[in-house]
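> no sequence on hand, only this structure:
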C-alpha cells in the first residue's frame, strides 16, 4: 500500500486527508527593521503572512506609537478561515526602537565691522509623539572664528552638542552664517560758535572728527569761505581710508554769522583827532555799549546808527598802524587796516584847523608877531613845531617882551572861532570842576614858555564890538619855560601853593580899545606834563587878586569861554611838541 500526500488510497478509492488536521496554521513573520522613537506601527512592521486564508490580529495594533526605547515584542494571532483543518497560530517578533533625531538649526546673524559678535541662537525641529522643546535641556555650542577685527565678509557659525540633552532624542546640527557688514563712521561735530561777518571759515568751525577712523573730510562750504550774514548749514563728507570695512558718512551743523559789518570807511588813513566815518550794517540803532577802536585806543563817538558811525581818531595815537574795529552787541567786526598819519605841515601864519576829537578842539597857528616861516604838524589834540627858528632880535619890537608866536590847541571859543567844547561857556560862579591834562616836549635851546592861556569874557559870547577879543580876564599858567621869558605885568606873590605846587603870581593888564586883566602863574618847579590839573583853584586865587588900579582880576560873574595850551616863543622853537591835551568842566 502506498500513501500520497493529502490523500490515502486503498486499491480502488482515495480519501482526502488534511496535512495537519487540527494543527496551527502556518504563519511567517520576519522581524522588522528598527524604528525611531515616535514611529506609529504600520504594515511595514505588522507584516506577518500565512499560506491559508484567515485573519491577523496584532498586538500592539496598527498605528500604535512606539514610545519606549529599546527592544519590544510584537505579537500576531492568526485565525484561519478553515478551522477544521487549522487552529489559531500566534507568532512573536522583536522590534528595536531607536532615539529620534532633533535637528539643531543655527540662526544666521550679522554685525558691523568692529563690533563684538552677537549672541548666537538656534532652533529645534523634529519633535514627535507630541513632544515640545521642554524635553530639551542645556544648550548647544555655537561658535565662529570671527573676531572684532575680522573684515567684511561671510563666516560660518558652527554648532556642536555643548550641554544639550533630550530624552528619546539624539541631535543633528545645521551650521549658520554670520555676515560682517561695513561700519558707518560716527561723525562728531559740535555746532560752532557764532562768527562775525568777514571771518573766513577755518579749523575752529570745520572741526568734525570720525572717532579715530582714518580718512578725509571734505567740507561744504570749504575752508576760507566768507559767509553772508544769517544762519548757514555747514556739511562734511567723510571718506574712510579703509573703504572695505567702512562706508562714507556725512554730517551737518548750523552756524550763525552776525555783524557788525564794516563795508566802507571815509579813508584808510588820517591824523589823530580827525573825523572818520564808517558805513556798514548791524551796528545797532543806538550806541549802547558799542565802541569803535583804533588798535587798543577807543575813539570818541560823534554819531551812531545801525548803518553809519562817525568818530574822532583818538588823539592819544602816534603815527603808525592802528586797525579799526567796531564792537556792537558783544561782537567785534573784522579789523580794517588804518594808518594814523603824521598829517600835512601847516605853514600859513594864521592857519586854523578844526575838527579834532569830536570837534572839541582846534589848532591855531597864531604866528602874529613875526614874518619868519613857522610850520606845525598836527597829531590829535597836539602838534609839533617842525619849523620855527625865531630870533627875538628880529622881532618888530625886540624890547617890548612881545613873543613872535603862540601856536596853540584850544578848547572853546577863540577870536570868534568855536569848538563844540562841552560845558563851555560857563559862568565862573556856576563852575563845579575844571581840570586839564597835557604832555609836552621841550627843547634845550631857545626862549619860550609852555603855557595855558585861559580866557574869561564878561558875557557868554564875545560881541562883534569887541573885535572878537574877550573883555574879562586872561589867566596864563606856565608849567615850564626856557631862557628868560618874562610874564606880562609885575610879580605880586611868590611860591603860592595852588593845586599842590608852588607858583609865582604876576598881574597886568592888556589891550587898548578892549582891555582885560592878565594874571600869570609861573610854576616854581617846571614840569613837562600835568595830569588832572585843578584849574578851579587858579580861578579861586585870581578872584582874590587885584590889578594895580585896585580892580578884581577875575569877577565870578564872568564866563569861562576858552582854554588853550601852547608855546609863546621869542627865540628858536623848532621841535617843541604838545600831545594829549584834555579839558573837562562840570557845573554846579
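Here it is on my side, so go on. What you are looking at is a predicted structure, and each value in this text was computed from that prediction instead of being measured.

> so what's residue 482 up against?
442, 443, 444, 445, 446, 447, 448, 449 (Cβ atoms under 8 Å, 6 or more residues apart in numbering). Where you see a C-beta, it was placed from the backbone N, CA and C, and this is true even at glycine.

> can you redo those residues as TSV with pLDDT?
Converted to TSV, the contacts of residue 482 look like this (pLDDT from 0 to 100):
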residue	pLDDT
442	94
443	93
444	93
445	94
446	95
447	96
448	97
449	98
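
> just those residues now: which is nearest residue 74?
If you rank the contacts of residue 482 by distance to residue 74 using Cβ to Cβ, residue 442 comes first, at 140.3 Å.

> that closest one touches residue 450, doesn't it?
Yes - counting by Cβ atoms under 8 Å, residue 442 does reach residue 450; the two are 6.6 Å apart.

> more neighbours, the two?
Higher neighbour count among residue 442 and residue 450: residue 450, with 25 against 17, using other Cβ atoms under 10 Å.

> can you verify residue 219 is assigned to a strand?
Yes - Residue 219 sits within a strand when classified using DSSP: H, G, I helix; E, B strand; the rest coil.

> what about the spatially closest residue to it that is not a sequence neighbour, how many residues close to it?
Distances taken as Cβ to Cβ, 6 or more residues apart in numbering place residue 206 nearest to residue 219, at 4.7 Å, with adjacent residues excluded. Using other Cβ under 10 Å, the number of residues around residue 206 comes to 20.

> dig out what the residue nearest to residue 125 when sequence neighbours are not counted forms beta bridges with.
Using Cβ to Cβ, 6+ apart and skipping the chain neighbours, the partner closest in space to residue 125 is residue 103 (4.9 Å). With DSSP bridges as the criterion, residue 103 is bridged to residue 125, residue 172.

> low-confidence regions, this protein specifically.
Applying pLDDT under 70 to the chain flags the ranges 1-22, 344, 351-358, 465.

> what do you get if the cut-off is 80, keeping everything else the same?
1-22, 273-275, 315, 342-345, 349-359, 379-380, 398-400, 463-467, 511-514 (pLDDT under 80).

> follow-up on the earlier one: which residues are in contact with both of residue 442 and residue 450?
In contact with both residue 442 and residue 450: 480, 528, 576, using Cβ under 8 Å, 6+ apart.

> report how many residues lie close to the second one.
A count of neighbours around residue 528, defined by other Cβ under 10 Å, yields 13.

> could you find the closest non-adjacent residue to the residue most central in space within the chain?
Centroid-nearest residue in the chain: residue 193, 2.6 Å away (criterion: Cα atoms, centre = their mean). Leaving aside its chain neighbours, residue 193 sits nearest to residue 204 (7.8 Å; criterion: Cβ to Cβ, 6+ apart).

> on that earlier part again, mind putting the contacts of residue 482 into a markdown table with secondary structure and distance to residue 421?
What follows is the contacts of residue 482, written out as a markdown table (DSSP: H, G, I helix; E, B strand; the rest coil; distance: Cβ to Cβ, whole Å):
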| residue | secondary structure | distance to residue 421 |
| --- | --- | --- |
| 442 | coil | 27 |
| 443 | coil | 30 |
| 444 | coil | 34 |
| 445 | coil | 35 |
| 446 | coil | 31 |
| 447 | strand | 31 |
| 448 | strand | 26 |
| 449 | strand | 24 |
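
> give the buried subset of the residues you listed as a PyMOL selection command.
To isolate the buried subset of those in PyMOL, counting by 16 or more other Cβ atoms under 10 Å, use the following:
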select buried, resi 442+443+446+447+448+449
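
> if I read this right, the residue nearest to residue 125 contacts residue 172, doesn't it?
Yes - taking Cβ under 8 Å as the definition, residue 103 is a contact partner of residue 172 at 5.0 Å.

> how close does residue 199 get to residue 258?
As for residue 199, its distance to residue 258 is 10 Å (criterion: Cβ to Cβ, to the nearest Å).

> er, residue 409 I mean
40 Å.

> what about the two, which has more around it?
residue 409 (28 against 17).

> got a list of what that one touches?
356, 361, 362, 363, 381, 382, 383, 564, 565, 566, 578, 581.

> ok, now with 6 Å
361, 363, 381, 565, 581 (Cβ atoms under 6 Å, 6 or more residues apart in numbering).

> distance check, the fourth one against residue 516.
Distance from residue 565 to residue 516, counting by Cβ to Cβ: 19 Å.

> who's the nearest residue in space to residue 298 that is not next to it in sequence bridged to?
Leaving aside its sequence neighbours, residue 298 sits nearest to residue 291 (Cβ to Cβ, 6+ apart; 5.4 Å). Beta bridges link residue 291 to residue 327 when assigned by DSSP bridges.

> repeat for residue 165
Beta-bridge partners, per DSSP bridges, of residue 165: residue 137.

> would you mind measuring from it to residue 69?
Counting by Cβ to Cβ, the gap from residue 165 to residue 69 is 14 Å.

> what pairs with the helix or strand encompassing residue 97, parallel or antiparallel?
Assigning secondary structure by DSSP states H and E places residue 97 in strand 89-98. Strand 89-98 has the following strand partners under DSSP bridges: strand 35-36 (parallel), strand 70-80 (antiparallel).

> which one of these lies nearest to residue 420?
Across the strands paired with strand 89-98, closest to residue 420 is strand 35-36 (Cβ to Cβ), at 115.3 Å.

> which strands and helices lie in contact with the next helix-or-strand element following that closest one?
Sequence order places strand 49-50 as the next helix or strand after strand 35-36, per DSSP H and E. Where contact means 3 or more Cβ pairs under 6 Å, 6 or more residues apart in numbering; DSSP states H and E, strand 49-50 is not packed against any helix or strand.

> partner strands of strand 49-50, with direction?
Strand pairing (DSSP bridges) places strand 49-50 next to strand 27-28 (antiparallel).

> what ranges do the strands span in the stretch 451-588 of the chain?
473-482, 490-498, 501-510, 516-523, 529-534, 559-573, 577-587 (DSSP state E, counting those that start in this stretch).

> neighbouring strands of the first one in the sheet, and parallel or not?
Same thing as strand 473-482. strand 447-457 (antiparallel), strand 516-523 (parallel).

> one step back: my read is that the residue nearest to residue 125 contacts residue 170, right?
No - between residue 103 and residue 170 no contact is recorded; they are 10.5 Å apart, counting by Cβ atoms under 6 Å.

> residues contacting the nearest residue to residue 267 once chain neighbours are set aside?
Spatial nearest neighbour of residue 267, excluding adjacent residues (Cβ to Cβ, 6+ apart): residue 276 at 6.8 Å. By Cβ under 6 Å, 6+ apart, residue 276 lies in contact with 266, 270, 311, 313.

> mind checking how far residue 276 is from residue 299?
8 Å.

> residue 565 and residue 516: which is more packed in?
The neighbour comparison of residue 565 against residue 516 (other Cβ under 10 Å) goes to residue 565, with 27 against 20.

> sec struct for residue 62, please.
coil.

> residue contacts, it?
41, 46.

> tell me the most buried of the strands of the stretch 451-588 of the chain?
strand 559-573 (a mean of 26; mean count of other Cβ atoms under 10 Å).

> what's that strand packed up against?
strand 383-390, strand 408-414, strand 447-457, strand 577-587.

> okay if I get those strands as JSON lines plus distance to residue 188?
Listed next are the helices and strands packed on strand 559-573 as JSON lines, based on distance: least, Cβ to Cβ, whole Å:
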{"stretch": "strand 383-390", "distance to residue 188": "59"}
{"stretch": "strand 408-414", "distance to residue 188": "60"}
{"stretch": "strand 447-457", "distance to residue 188": "66"}
{"stretch": "strand 577-587", "distance to residue 188": "53"}
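
> follow-up on the earlier one: dump the strands paired with strand 473-482 into CSV; add distance to residue 94 as well.
Listed next are these as CSV, based on distance: least, Cβ to Cβ, whole Å:
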stretch, distance to residue 94
strand 447-457, 140
strand 516-523, 142
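
> looking at those strands, which is nearest to residue 436?
Judging these by Cβ to Cβ, what sits closest to residue 436 is strand 447-457, at 7.0 Å.
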